[in-house]
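Student: Kindly return the folded structure for what I paste below:
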Amino acid sequence: MLAASLIDLVLGLALDSTKPESGNRVALEGLAFGKPKDGAFEIAIRKFEAGSLRIASAGFVLEIGHLVLHEVVARVRMESGQPRPGAVTAARAEFSAVTVHGPLMQAGAPGPGKDHGRPSMQGGWGLGPLAAANGTLRAEIIDAHLHFDANVTIPIRHGQIDFNQVTVEHVGPDSRMGISPAGLYVDAPTGRSYLFEFASPPTAGVEFERRGALLGARVANRGHLQLQAFVEGALRQPNAGPAAGFTRQTRVLFDRTAVSGEVRLSDGAFSVPGMRVDLAGRAEGRNTVRLHSDAVGRGLTVEIPSLSARKGQLSARHAQAACDEIAGALTLRVLRQGPQLRFAFELASMKIAGLRLELQGPLDTPR
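Tutor: Numbers count the residues shown, from 1 in each chain. Predicted coordinates for the structure are as follows:
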């Protein structure tokens, strides 16, 4: 009980009490109390250390193997006889063996105008690190039934995919990949088939294929994609989703498609609804993304062995967090379990400098 009260007070987290014997260990060094001022008092902790923490809420589970906070200061008010933190700062934070897992998209999520205090989805997407990204994606497709065994290589140069440079190799004459107002396609010797179809032609970050001057002439240019503009535009569309326009044939191929690749992100601001961070350190080889999947239809693994970022901001229900610098190594796995997609986020290690947390209103409690 003491451990849960301390963490709830200092971090604003409610521990999972279903398995109290399994962990939630806490140690403190240098605890001091300041004099009350303006209806609040300060708690200073030279070193706050916790291990084997487990926090569960609304189908999501957060587990922290080890956490150390240095030079912690918590400003606390008394409300209805209970201590309520309003602001927490820490000079440095060190995390290891952190995992978060749960459903990727929950059924019954609030619709537009019904966010119930959660950050707005509108205008929240910013993918600056794609602007000058470089790398190569590879896919191996094996499907004897559809007669489409192929090795696909997609170069990414300066944040752009030039479909004239994409190769689709297989037995017999090779195929070509391109993009038209109707969607992303493959021109095989047997004809054109679409991998992804657009509900309406995108207007941002895309240059469609061009044909020669004569009627019925062959494709002279397969088209280009500027990744940042195109992906941001797609994410901001209503009902946007990772599988929104994939054709039936593509969905069948997913279970027979292995993917690998490495993309070196550029420095720049990355933001999703409720979160923003500035990636930095490309010159030192930081922020390289590695992708791997034996079968895309069953799951995908994304790794960043050396993450480096600055000016992190996080907005959640009743809480605002910020920090000066972030460094670490992380892995994201997306898995399909029956009809549902689930994610598992693993943080091998992370160091955060200048951590600040502001709390407003009552804290959420586990369900």
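
Student: Neighbours of residue 340, how many?
Tutor: Neighbourhood size, residue 340 [other CB atoms under 10 Å]: 12. Glycine gets a C-beta too; all of them are placed from N, C-alpha and C.

Student: out of everything not next to it in sequence, what's closest to it?
Tutor: Distances taken as CB to CB, 6 or more residues apart in numbering place residue 103 nearest to residue 340, at 6.1 Å, with adjacent residues excluded.

Student: for that neighbour, phi and psi?
Tutor: phi -70, psi 140 (degrees, to the nearest 10).

Student: Touching, it and residue 342? I think so.
Tutor: Yes: here residue 103 lies in contact with residue 342, judged by CB atoms under 8 Å, at a distance of 5.6 Å.

Student: Could you measure from residue 166 over to residue 181?
Tutor: Distance, residue 166 to residue 181, using CB to CB, to the nearest Å: 18 Å.

Student: Those two - which one has more neighbours?
Tutor: Per other CB under 10 Å, whichever of residue 166 and residue 181 has more neighbours is residue 166, with 20 against 12.

Student: Tell me how far that one lies from residue 301.
Tutor: 23 Å.

Student: which SS state does residue 231 fall under?
Tutor: Under DSSP: H, G, I helix; E, B strand; the rest coil, residue 231 falls in the helix class.

Student: Could you pull up the contacting residues of it?
Tutor: 127, 130, 205 (CB atoms under 8 Å, 6 or more residues apart in numbering).

Student: which of those has the most neighbours?
Tutor: Within the contacts of residue 231, most neighbours by other CB under 10 Å means residue 130, with 23 neighbours.

Student: quick one: it from residue 285, how far?
Tutor: From residue 130 to residue 285 the distance is 18 Å (CB to CB).

Student: One more: residue 256?
Tutor: Separation of residue 256 from residue 285 (CB to CB) stands at 34 Å.

Student: host element of the most far-flung residue of the chain relative to its centre?
Tutor: Each residue of the chain has a distance to the centre, and by CA atoms, centre = their mean the biggest one is for residue 214: 46.0 Å. For residue 214, there is no helix or strand it lies in under DSSP states H and E.

Student: Now do the contacts for it.
Tutor: With contacts taken as CB under 8 Å, 6+ apart, residue 214 has no neighbouring residues.

Student: How about the one 5 residues further on?
Tutor: Residues touching residue 219, when contacts are defined by CB under 8 Å, 6+ apart, comprise 176, 178, 187, 209, 210, 211.

Student: Which strand residues bridge it?
Tutor: Counting by DSSP bridges, residue 219 forms beta bridges with residue 211.

Student: Please report how far it lies from residue 194.
Tutor: Using CB to CB, residue 219 is found at 15 Å from residue 194.

Student: same deal with residue 180?
Tutor: Distance of residue 180 to residue 194, given as CB to CB: 9 Å.

Student: Show me which of the contacts of residue 219 are buried.
Tutor: 176, 178, 187, 209 (16 or more other CB atoms under 10 Å).
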